[in-house]
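[1] Structure of the sequence below:
(chains A, B, C and D)
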2 protein chains.
Amino acid sequence: MTGKNGAGRRWSIGELARASGVTVRALRHYDEIGLVRAGERTASGHRRYTAGDVRRLYRVRALRALGLPLEEIREALATPADALEAMRALLAAQLLELNGQAERLRRLTEQVRDLMQRLDQASLPDPEDFMTTLETMAMLDGYFTPEQREELAGRRAELGAEAVEQAKARFAGLVEQLLRHVQDGTPTDDPQVQDLVRRWDELGAAFHGDGDSGEQTAAAARRMWREHSEELGARLPWPAEKMAELVAYLESARATH
Amino acid sequence: MTGKNGAGRRWSIGELARASGVTVRALRHYDEIGLVRAGERTASGHRRYTAGDVRRLYRVRALRALGLPLEEIREALATPADALEAMRALLAAQLLELNGQAERLRRLTEQVRDLMQRLDQASLPDPEDFMTTLETMAMLDGYFTPEQREELAGRRAELGAEAVEQAKARFAGLVEQLLRHVQDGTPTDDPQVQDLVRRWDELGAAFHGDGDSGEQTAAAARRMWREHSEELGARLPWPAEKMAELVAYLESARATH
DNA sequence: GCTTGAACCCGCCGTTACGGGAGGTCCTAG
DNA sequence: CTAGGACCTCCCGTAACGGCGGGTTCAAGC
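    Sure thing, here's the model as predicted:
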C-alpha cells in the first residue's frame, strides 16, 4: 500500500525536541555531522523527521547515555549486518574504558585524600612547607609509575611516622660524614666511604623495597636525584651545590663496585 | 648581597620542558594565560624562567595531577595569605567532585553491564529487538530519575524473569478486554471497566513499588505513556492508534474516581 | 666573520559536543 | 496584513593544549 517512506507522521525539529528531550541545537548538530539526519526537508528548507529518523535518534540517545562518543555511535549504527556483534564489541570496549576511568578516579581520590591528611595533621604553621611538598610531588610524578608511588606510600605508612623520622636522622648523619669525605677528597674506593654508601643504600632499600621492583624504584630515585639534585637539595639543610657534588660522589663510589 | 631576582640560574623554555616533563607548548600556554609566566625575557623576546617560576610550575603540575582545572589552580595560588586554608577548601571541593564522578561512573558501568547481559542471554536472533530495547531505554531516561530506574531494575530482578513474563501475559489479557470495551463504547464508569483498571494498576504497582516513591514512579510512567503512546505502542502487538485511544480511555476511567 | 641547524618566536586551526547569539526567512493565527 | 513564534544558516566560545607554518635568534664549528 504505502511505500516505505511515503506516508506516516513527520516531526518538525521543535516537535522532536520536545518529544525526545534533546535540544533543538543538538538535533541540528546531529544532522550536521550526519549522525541523525532529517530524512526530508520542506521546500523552504525546514527539517522534517520521519519515524525512522526518530527511532535512530532514540538509539543514539541511549548509546550516548552510556557514555559513548558520537563517532563510535555512528560507526556502530552504520553496521547493518552483524549489528549485534558490533554492539557487543562496542559495549565491551566501553566497559573497559569505564573501568580504566574508575581506576584513575580511585588513584586521584587517594592522592587528594592523602594530601588533605598531610595538610591537617602535619606542619600547621608554614605554608611554604606544604608548597614544597607539592613541588616534590610533581617531580616524583615524572619518575615513578603510579604503582611505584603507591608502593612507596604503602611502605612509609607501614614503617610508621617515627621510623621515618629516625631514618631521616640517620640519613642526615650519613650526609654529614660523606660531605666531609667529599671535602677532604677521599677517594671513592676508600673502605670507609664504601661502608657509608652501603649503609645509605640499605637505608633507601627500606623504602624502595627489595627484589626486582625495589631495584627499579631505587633506580628511578637515583635518576631523579641525578637530574634534579638542585631542586631537591634546596629542601635540605645543606647547600644545593654541595648536594650535587655529593650525588656525583655517590655515583662514582657505586661504580667502583 | 644579591637582590631577590637579580641572580641565580635561568631556564630557557626548552630546558625547563626537559627538566619538568611539561611540553614546550604547554609552557607557552601557561604563560599565555598567566598561570606560569616567564619572569624575564631576553632582548629578542626569548623566555627566561627564574627559580621562582620553576617552583610555581611544579606547584601547578602537582595540582593539575590531582585533576584540578587550571582556572582553580590559578585562584588558589593567587591567595597569598590564608594559602593553606585555600588549599584545604580546594582539595575538599575536589574530593566532592571526584566522588560525584565516581558515582556517575558506577551508574554507567552498571547500565552497560546490564545491557550486555541482555544482549548475551535474551533474544539472540533479532537485532531489531535489541535496537527497540535501546530506543525504549532512551525514553525511560527522560522520565525516570536514576534512582527510579535503579529501583525499577531492582524490583524486576527481585520478581524474577518468570514472574515478569506472567505479568506481561496478564497485562496482555487486560489490554484485550479493555480494547473491546473501547470498541463497544462502554462508559468509563462501568463497574467492569473500573475493575479492569484496578487490576491494571495493581499489576503496575508490583513494579513501581508502593508508598510515596512508588506513586511518583507510577506517575512518571503514566506521563510517559500519555506523551509517547505512539512509540511505545509500536512495540506491542496492537496497533499504535488503538493504544493511544486506550491510554486516553484509562485516564478517563481513573478520573471518574 | 659566516654559515648552518637547532631552538625559539607568534599566530592560527583542530579537537568534543554542543550553547548561545546574530541576522534573516517562514508559518500561522487573528 | 501583520505580529510573533518557529525555523534557517553562519559563526564564536568552551578546556587544555597539539601541531602546523613562516619567520627570528642562538650557539657552535669553520
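[2] per-residue confidence at the spatially most central residue of chain A?
    Centroid-nearest residue in chain A: residue A:104, 6.1 Å away (criterion: C-alpha atoms, centre = their mean). Turning to residue A:104, the model gives it a pLDDT of 93.
[3] what about the stretch 151-257 of chain A, any weak spots by pLDDT?
    For the stretch 151-257 of chain A, applying pLDDT under 70 flags the ranges A:234, A:257.
[4] Near chain B, which residues of it are found?
    A:227-228, A:230-231 (C-beta under 8 Å from any C-beta of the partner chain). (Glycine included, C-beta is placed from N, CA and C.)
[5] and if we set it to 10 Å?
    Within the stretch 151-257 of chain A, the positions near chain B by C-beta under 10 Å from any C-beta of the partner chain are A:227-228, A:230-231, A:234.
[6] distance of residue A:142 from residue B:54?
    Distance of residue A:142 to residue B:54, computed by C-beta to C-beta, to the nearest Å: 14 Å.
[7] my guess is residue A:246 meets residue A:229, correct?
    Yes: with contact defined as C-beta atoms under 10 Å, residue A:246 counts as touching residue A:229 (8.0 Å).
[8] Can you give me the pLDDT of the residue of the stretch 51-200 of chain A found nearest DNA strand C?
    Nearest residue of the stretch 51-200 of chain A to DNA strand C (C-beta to the nearest atom of the strand) works out as residue A:69 at 3.3 Å. Listed pLDDT for residue A:69 reads 96.
[9] phi, psi of it?
    Torsion angles at residue A:69 (phi, psi; degrees, to the nearest 10) stand at phi -70, psi 150.
[10] just residue A:137 next, same as before
    Main-chain dihedrals, residue A:137, degrees, to the nearest 10: phi -60, psi -40.
[11] surely it meets residue B:62?
    Yes: using C-beta under 10 Å, residue A:137 is in contact with residue B:62, at 4.5 Å.
[12] Which residues are in contact with each of the two?
    Overlap of the contact sets of residue A:137 and residue B:62 (by C-beta atoms under 10 Å, 6 or more residues apart in numbering or on different chains) consists of A:111, A:115.
[13] Those two: who's more crowded?
    Using other C-beta atoms under 10 Å in any protein chain shown as the criterion, residue A:137 and residue B:62 rank with residue B:62 on top: 23 against 20.
[14] quick one, strands of the stretch 151-257 of chain A?
    Here the stretch 151-257 of chain A has no strands by DSSP state E, counting those that start in this stretch.
[15] The nearest residue to residue A:13 once chain neighbours are set aside: what's it in contact with?
    Using C-beta to C-beta, 6 or more residues apart in numbering or on different chains and skipping the chain neighbours, the partner closest in space to residue A:13 is residue A:47 (4.9 Å). Counting by C-beta under 10 Å, 6+ apart, residue A:47 makes contact with A:10-14, A:16, A:24, A:27-28, A:31, A:37-41, A:53.
[16] for residue A:241, what are its contacts?
    A:229-230, A:233.
[17] Can you name the residue of chain A nearest to DNA strand D?
    Closest contact between chain A and DNA strand D, by C-beta to the nearest atom of the strand, is at residue A:14 (2.1 Å).
[18] hmm, the helix or strand encompassing that residue in reach of DNA strand C?
    Element membership for residue A:14, per DSSP states H and E: helix A:13-20. No: Helix A:13-20 lies apart from DNA strand C when judged by C-beta under 7 Å from any atom of the strand; the minimum separation is 9.6 Å.
[19] The helix or strand following that helix - contacts with which helices or strands?
    Once helix A:13-20 ends, the next helix or strand along the chain (criterion: DSSP H and E) is helix A:24-32. Taking 3 or more C-beta pairs under 10 Å, 6 or more residues apart in numbering or on different chains; DSSP states H and E as contact, the helices and strands that helix A:24-32 lies on are helix A:13-20, strand A:47-48, helix A:51-65, helix A:70-78.
[20] circling back to that earlier point, bridged to the residue nearest to residue A:13, which residues?
    residue A:41 (DSSP bridges).
[21] Check the helices and strands packed on helix A:24-32 for me and report the most buried one.
    helix A:51-65 (a mean of 20; mean count of other C-beta atoms under 10 Å in any protein chain shown).
[22] Next, the contact list for residue A:176, please.
    A:237-238.
[23] could you pull out the helices for chain A?
    A:13-20, A:24-32, A:51-65, A:70-78, A:83-121, A:127-143, A:146-159, A:161-184, A:191-208, A:211-233, A:240-255 (DSSP state H).
[24] ok, stretch A:16-29 near DNA strand D or not?
    Yes: for a cut-off given as C-beta under 7 Å from any atom of the strand, stretch A:16-29 has contacts with DNA strand D, namely A:17, A:24, A:28.
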